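Undergrad: Return atomic coordinates for the entry below.
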Amino acid sequence: MTGRVRVRFLDTRPLRGSRSFRDLWIGTSVSQVGGQIANVAVLAQVWDLTGSPAGTGAIGLATGLPMVLFGLLGGTLADTFDRRAVVRATTAGQLLAAAGMCAQARSDNRDVLLLLALVAVGTGCGALGAPARRTFPVRLLPSDQVAAGLALTNVSFQAAMLAGPALAGLIIARWGLPAAYATQAVAMAVSALAMIRLPALRPEGTDAAGSRRRPERGGWRIVLRRPALWGSLATDLSATLLAMPVALFPLVNEMRFGGNPQTLGLFLSAVAVGGITAGLLSGTVTRWRRGGLVQLSAAGLWGLALACFGLAGPLWLALGCLAVAGAADTVSVVTRSALVQLETPDGYRGRVSSMEHVIGIAGPDLGNFRGGLLASATSAPFSLVFGGLSAILAVAAVAAANTPLRAYRTPPAAAKPTVSGAADGTTAGQVP
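TA: As a prediction, this is how the structure comes out:
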């Protein structure tokens, strides 16, 4: 990170150089759009069935609990079995759940519990496969392209967040809820087909036949034994737990902008626009090897931008602060994900990925809860400023206490990994 900084657009080397990663990226991108469409359909159907905010709030329960519980179990599965097989099986489960939601919508189901049960099943299947799926880029790409591959995945996710709800509105308005759920089912089928050409991705230590084995012990303790790992996860948790702003958007909008619902939508769009912009320019940072320092800097910028949002008066300034926060979040997520995958030995990647998965879910939710409680006792601006500054101080404390994280460098792409069953002639990343 020394010398003149060159601004680079999205690094597409992973798509050009690895057929397997390209297939994975296409399948994942399509499934993300389908998932966003289904999310809107579920929200609309639950509201239609209950007419109650408690009913729509129950969607969070139907998704949050399976994500945490099955995400942790998925980490053990990913360190025990062929990870490609795990993702294939769980994707098939998501496909069946989507088909079930389509069927219940076509039959004019009036039982909200049945719908929520199907949502929980689909979410649980996705959570079971999430840790295994997170390990794919580091096994399919050279180590110096892992961050670029994760940036590509993040860009597709941000694009799905923008395009998916709009597509859902069009589909539901013209063809109804069954068509929206059918779209998700088709998307999951595309995702399943994308897995066909992937090589077997057995954890290191599994025999050539892929026989079941007990994963190496110490799956959780390895995070504590590697300062760069716990420092990276602590940085992310500090930023989201102390400075998550979404729960405060309605109150800020009411106080400063008259409660206009269009303005509230602009808050969310500004974060997404910042994230997509950072993703499109991610080639600027994914080639830097100082991943730990990049993550720490981005997390600090996230806190600063949200503190400024708490003080911003004009709408243009508030939206600009949120766009900067969204950009910083994208950079932090990409560099953290790459560091976690590269720093974790392959036999532990599933369980460490499940820990990262849970932190990524719990941190923002708890951060929104914390921010809402503080704002109810004080004010939204105070909660935002105090949270942002607290996040900066917490990140600075992690940086001061964790020299290995500050000094971390991405390993050079000097060796090919042992990717079981690789037959497509593509290079893949070095296993630490």
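
Undergrad: how about the helices in the stretch 251-400 of the chain?
TA: 261-280, 283-286, 291-311, 315-343, 349-377, 380-401 (DSSP state H, counting those that start in this stretch).

Undergrad: nearest to residue 97, of the ones you listed?
TA: helix 349-377 (19.0 Å; Cβ to Cβ). For glycine as for every other residue, the C-beta is placed from the backbone atoms N, C-alpha and C.

Undergrad: Okay, buried residues for that closest one please.
TA: 349-365, 367-368, 370-372, 374-375 (16 or more other Cβ atoms under 10 Å).

Undergrad: Count the residues that sit near residue 320.
TA: Residues lying near residue 320 (other Cβ atoms under 10 Å) number 17.

Undergrad: roughly how far apart are it and residue 195?
TA: Distance, residue 320 to residue 195, using Cβ to Cβ, to the nearest Å: 41 Å.

Undergrad: now swap in residue 222 and tell me
TA: Applying Cβ to Cβ, one obtains 28 Å for the distance of residue 222 from residue 195.

Undergrad: So for the nearest residue to residue 392 once chain neighbours are set aside, what pLDDT did the model give?
TA: Nearest non-adjacent residue to residue 392, counting by Cβ to Cβ, 6 or more residues apart in numbering: residue 303, 4.2 Å away. Here the pLDDT value assigned to residue 303 is 97.

Undergrad: For the residue lying closest to residue 10 once chain neighbours are set aside, which residues are in contact?
TA: Using Cβ to Cβ, 6+ apart and skipping the chain neighbours, the partner closest in space to residue 10 is residue 280 (5.2 Å). When contacts are counted by Cβ atoms under 8 Å, 6 or more residues apart in numbering, residue 280 touches 9, 10, 155.

Undergrad: and residue 405, what does it touch?
TA: Residue 405 neighbours (Cβ under 8 Å, 6+ apart): 227, 228, 231, 232, 235, 292, 295, 296, 398, 399.

Undergrad: secondary structure element for it?
TA: Per DSSP states H and E, residue 405 falls inside helix 403-407.

Undergrad: Quick one: distance of that helix to the chain centre.
TA: 24 Å (Cα atoms, centre = their mean, to the nearest Å).

Undergrad: Now the lowest-mean-pLDDT helix or strand in the chain - C-alpha only, PDB.
TA: Sorting the helices and strands of the chain by mean pLDDT, DSSP states H and E puts helix 283-286 at the bottom, at a mean of 73. Extracted C-alpha coordinates of helix 283-286, given in PDB (Å, rounded to 0.1, in the frame of the first residue of the first chain):
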ATOM      1  CA  GLY A 283      -9.300  -4.200  -8.400                       C
ATOM      2  CA  THR A 284      -7.800  -1.200  -6.700                       C
ATOM      3  CA  VAL A 285      -7.500  -3.100  -3.400                       C
ATOM      4  CA  THR A 286      -7.800  -6.800  -4.200                       C
END
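
Undergrad: which helices and strands does that helix pack with?
TA: If you count contacts as 3 or more Cβ pairs under 8 Å, 6 or more residues apart in numbering; DSSP states H and E, helix 283-286 packs onto helix 146-175, helix 315-343.

Undergrad: Show me which of those has the highest average neighbour count.
TA: Greatest average neighbour count among these goes to helix 315-343 (a mean of 24), per mean count of other Cβ atoms under 10 Å.

Undergrad: what's the average pLDDT for it?
TA: In the prediction, helix 315-343 has an average pLDDT of 92.

Undergrad: Please state the offset of it from the chain centre?
TA: 12 Å.

Undergrad: try stretch 272-285
TA: For stretch 272-285 - counting by Cα atoms, centre = their mean - the centre lies 15 Å from the chain centre.

Undergrad: where's residue 87 relative to residue 131, distance?
TA: Distance from residue 87 to residue 131, by Cβ to Cβ: 10 Å.

Undergrad: rewinding a little: will you turn the contacts of residue 405 into CSV that also has neighbour count, distance to residue 249 and pLDDT?
TA: Below are the contacts of residue 405 laid out as CSV (neighbours: other Cβ atoms under 10 Å; distance: Cβ to Cβ, whole Å; pLDDT from 0 to 100):
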residue, neighbour count, distance to residue 249, pLDDT
227, 20, 36, 93
228, 22, 34, 92
231, 24, 30, 95
232, 30, 28, 95
235, 28, 24, 96
292, 28, 31, 92
295, 30, 25, 95
296, 25, 27, 96
398, 25, 27, 96
399, 20, 29, 96
